[in-house]
Each structure stands twice: as structure tokens, then as C-alpha cells.
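Trainee: Sharing a model prediction with you, sequence too.
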Amino acid sequence: MLRNSLIGSLRQIKPILCSQSLRSLSNGANSGLTTIEVDDKSGIATLSMNLPPVNTLTLNLMHDLIDSINQIECNKSRGLILTSSNDKVFSAGLDLKELYKPDQERLKEFWTIFQDLWLALHLCGIPTAAAINGHAPAAGCIMATACEYRVMLPDFVIGVHATRFSFLVSKWMMLSYQSVLPRRIVERALNQGKLFSTQEALEVGLIDEVAGSKKEALAQCAAFIGTFDKANPIARTLTKRMCRDSDVTELLRDRAGDLRACVDYINTPLFQEGLSAHLEGLKEKK
Ligand SMILES: CCCCCCCC/C=C\C/C=C/C(=O)SCCNC(=O)CCNC(=O)[C@H](O)C(C)(C)COP(=O)(O)OP(=O)(O)OC[C@H]1O[C@@H](n2cnc3c(N)ncnc32)[C@H](O)[C@@H]1OP(=O)(O)O
């Protein structure tokens, strides 16, 4: 909804066509892999990913996330906090099984919805924060960096470790990382395939705060969202979009080209062999 109107004109404010009332958030036609809770006092919506065991970004979870983000925006919540119902994993990133020997049409659909999810989070008109209450590797980290603020619990890891198993990332994913971290740190971390511990992530600025518990993390995210109380919401939204314009345009100017490059790369023996070894490694861990 909002995202689609932005594709036409990034600088325009979407007319609010949504008619649901603030407290009547339901998960409508989605698969129920996300839940939305709106705090009565603050009006802030907490969006939880709920796909056991590790919130892998499957087609259905990504669909539900986009649907939920749209609902939260349409219901004029004051802000959105993204978190997980799992107490060890925020999100394990893209569902690796979708990338292994993929059906070509399904792979195109999968990558397109991943692009859509990134756009939905990146362009969300209301303030966004991530309460990272577990590990956040790869696309889990990219989702967190698409939010405006990150609070993380101790003893977990976050980062884009794609090169460890011969994956590349698209430029828009790198830009998302780079919107939070200095370029030299991103270059090094991406090339190393580095996963940062919570403490390291705080030190480099990948996260903004550490919290002692999920409850505290949610409270810290809510406090961040409260810092915009004096800003006019429309001016804030326009300013956010202006700040993010170049990163978003990088994807929008050639979405089809990005899709082609990704599909081509995923089909290479280099990628498939690296992925196969990675999947074996995950099995052998047990
Ligand atoms: C020119 C441009 C080219 C661009 C080309 C683009 C190509 C795409 C490439 C890049 C983008 C990639 C983005 C990604 O997000 S890829 C996903 C990367 N994620 C990971 O590697 C995470 C792997 N998982 C883990 O490290 C751990 O699971 C954990 C730390 C998240 C949690 O550990 P733990 O609690 O111990 O759980 P388990 O490891 O036991 O896992 C439980 C269960 O879940 C399975 N699983 C875990 N992660 C994934 C996953 N990402 N996809 C699918 N399945 C996953 C795991 O195998 C276990 O399964 P089980 O044995 O059947 O129980």
C-alpha cells in the first residue's frame, strides 16, 4: 500500500485510505506467522515474528511481515517495534532451503518478496525500531538495519556472514548495512563474513543500545519512538524518505536487473556448493 504509492513518487505523502480503527488490528488474510500488539497507552505497535524454530524468512513469513507493516501504518500507530517470539533467535535470515536447487519461478517470487519486505521496512512512514532478542544473522541483520533504531540483548550475534559460504549480497543490502555503519567497517565486515557479538555491535554502532531483557529492550525502543513526539508526523515521514531516497532508488531503478543477477548467481555451482556445505554444517552441529 504505502510502499506501492512511494514507488510512483518517493516524496509524496500517501493519502490515508485505511479505515480500520487503531485497536482493531487483526492478521486478516495472512498465515498467522506474525502477531501485532498495540500498547493502549503509547499507541506503539509491537510486531513479532513467530515462525519456529528460528524465524527463517520463508515466502509466508515475508508475506505476513509486509501485510503487518501495512496494517500498522494504516492504523496510524505511533511507531513500530520489530521483534521475535523466540527467545534465542530474532531471525535466521532467508530460508536457505528456498535457495538450494530452487524451482526457478518460485525463486523469482522469493527474491521479489524479499525486495518488497526491505522496501516496506525501509519506507515505513512511522518510526521503527528493532528489539533484537536473539541471533540476527544475514537477512535478520538486514531487516534490523532497515529500522531506525536497534536494541539488542547480550550474548547473541548479528551481521552479514554471506562470504563464509560463497554468497554475495545485492548492492541495496550493502547500502542498508552502510546506512548504519561506516563504509570501511562494512567493507571489512562483509569481506570477512563477520558476525558481531552484542558488545562488538554496540562498539561499532551496529546497534544503539544493549538491554538486560526483552521487556527492557521493548521499553528502550518505545523511548526512542517517543523522541519524535515534537516532530510533525508528515514532516518527519517526508524527511525520513528524503534521507533514505538514494538507497531506495538504488533498488527501485532496476528491480528486474537485481532479480536477474540474484537468480543467475544463486544458480551457479559456486553458490550451490557453498550452500550445500553450509546446510550440512547446520545439520552436523547437532
Ligand atoms: C550480483 C548480486 C548477487 C546477489 C546474490 C544473492 C544471493 C543470496 C545471498 C545472500 C543473501 C543471503 C541472505 C540470507 O539471509 S541467507 C541465510 C543465512 N543465515 C544463516 O546462515 C543462519 C543459519 N542458522 C544459524 O546459524 C543458526 O540456526 C542460528 C544461530 C540462527 C540458531 O541456532 P540454533 O538455535 O542452535 O538453531 P539450529 O541451528 O539448530 O536451527 C534449527 C533448525 O533450523 C534450521 N535453520 C537454521 N537457519 C536456517 C536458515 N537460514 N534456513 C533454513 N533452515 C535454517 C536448522 O538447519 C535446523 O533445522 P533442523 O536440523 O531440521 O532442526
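Mentor: Good, I have the coordinates.
Trainee: near the ligand, which residues of the chain show up?
Mentor: 53-54, 56, 88-89, 92-97, 135, 137-139, 162, 167-170, 261-262, 265-266, 282-283, 285 (Cβ under 6 Å from any ligand atom). The C-beta positions use only the backbone N, C-alpha and C, and glycine is treated the same way.
Trainee: Which among the residues you listed count as buried?
Mentor: Neighbour counting over the residues of the chain next to the ligand (16 or more other Cβ atoms under 10 Å) leaves 54, 56, 89, 92-96, 135, 137-139, 162, 167-170, 262, 266 as the buried ones.
Trainee: Next up, the contacts around the residue in the stretch 51-200 of the chain that the ligand sits nearest to.
Mentor: Evaluated by Cβ to the nearest ligand atom, the stretch 51-200 of the chain has G93 as its residue closest to the ligand, separated by 2.6 Å. Contacts for G93 (Cβ atoms under 8 Å, 6 or more residues apart in numbering) come out as 56-57, 137-142.
Trainee: mind putting those in a markdown table, secondary structure included?
Mentor: Shown next, in a markdown table, are the contacts of G93 (DSSP: H, G, I helix; E, B strand; the rest coil):
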| residue | secondary structure |
| --- | --- |
| T56 | coil |
| L57 | strand |
| P137 | strand |
| A138 | coil |
| A139 | helix |
| G140 | helix |
| C141 | helix |
| I142 | helix |
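Trainee: Closest to Q104 out of these?
Mentor: Q104 has its nearest neighbour among the contacts of G93 in L57, at 19.3 Å by Cβ to Cβ.
Trainee: Isn't that closest one up against L121?
Mentor: No - shown here, L57 and L121 do not form a contact pair, counting by Cβ atoms under 8 Å, at 11.9 Å.
Trainee: Please name the residues that touch the nearest residue to I266 once chain neighbours are set aside.
Mentor: Nearest non-adjacent residue to I266, counting by Cβ to Cβ, 6 or more residues apart in numbering: L99, 5.6 Å away. Taking Cβ under 8 Å, 6+ apart, we find L99 in contact with 107, 110, 266, 271, 275.
Trainee: Out of those residues, which sit inside strands?
Mentor: Per DSSP state E, strands hold no members of the contacts of L99.
Trainee: Turn the residues you listed into TSV, columns for pLDDT and distance to E250.
Mentor: Output for these, formatted as TSV (pLDDT from 0 to 100; distance: Cβ to Cβ, whole Å):
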residue	pLDDT	distance to E250
L107	98	22
F110	98	20
I266	97	20
F271	96	22
L275	97	26
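Trainee: can you map out the helices along this structure?
Mentor: 2-8, 59-74, 96-99, 104-122, 139-146, 171-178, 183-192, 198-204, 214-226, 233-252, 255-266, 269-284 (DSSP state H).
Trainee: Output the ones you listed as TSV; include the columns distance to I81.
Mentor: As requested, those are exported to TSV (distance: least, Cβ to Cβ, whole Å):
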stretch	distance to I81
helix 2-8	18
helix 59-74	10
helix 96-99	27
helix 104-122	12
helix 139-146	12
helix 171-178	18
helix 183-192	25
helix 198-204	18
helix 214-226	4
helix 233-252	16
helix 255-266	28
helix 269-284	29
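Trainee: ranking those helices by burial, who's on top?
Mentor: helix 139-146 (a mean of 26; mean count of other Cβ atoms under 10 Å).
Trainee: tilt between it and helix 183-192?
Mentor: Between helix 139-146 and helix 183-192, the angle comes out at 170 degrees (axes from the mean of the first three to the mean of the last three Cα atoms, to 10 degrees).
Trainee: now helix 139-146, how far from the chain's geometric center?
Mentor: Mean-position distance between helix 139-146 and its chain equals 4 Å (Cα atoms, centre = their mean, to the nearest Å).
Trainee: Tell me which other helices or strands it touches.
Mentor: Where contact means 3 or more Cβ pairs under 8 Å, 6 or more residues apart in numbering; DSSP states H and E, helix 139-146 is packed against helix 104-122, strand 128-132, strand 157-159, helix 171-178.
Trainee: residues making contact with that helix?
Mentor: With contact meaning Cβ under 8 Å, 6+ apart, helix 139-146 is reached by 55, 57, 82, 89-94, 114, 117-118, 121-122, 128, 130, 132, 136, 150, 158-160, 173, 176-177, 179-180, 206-207.
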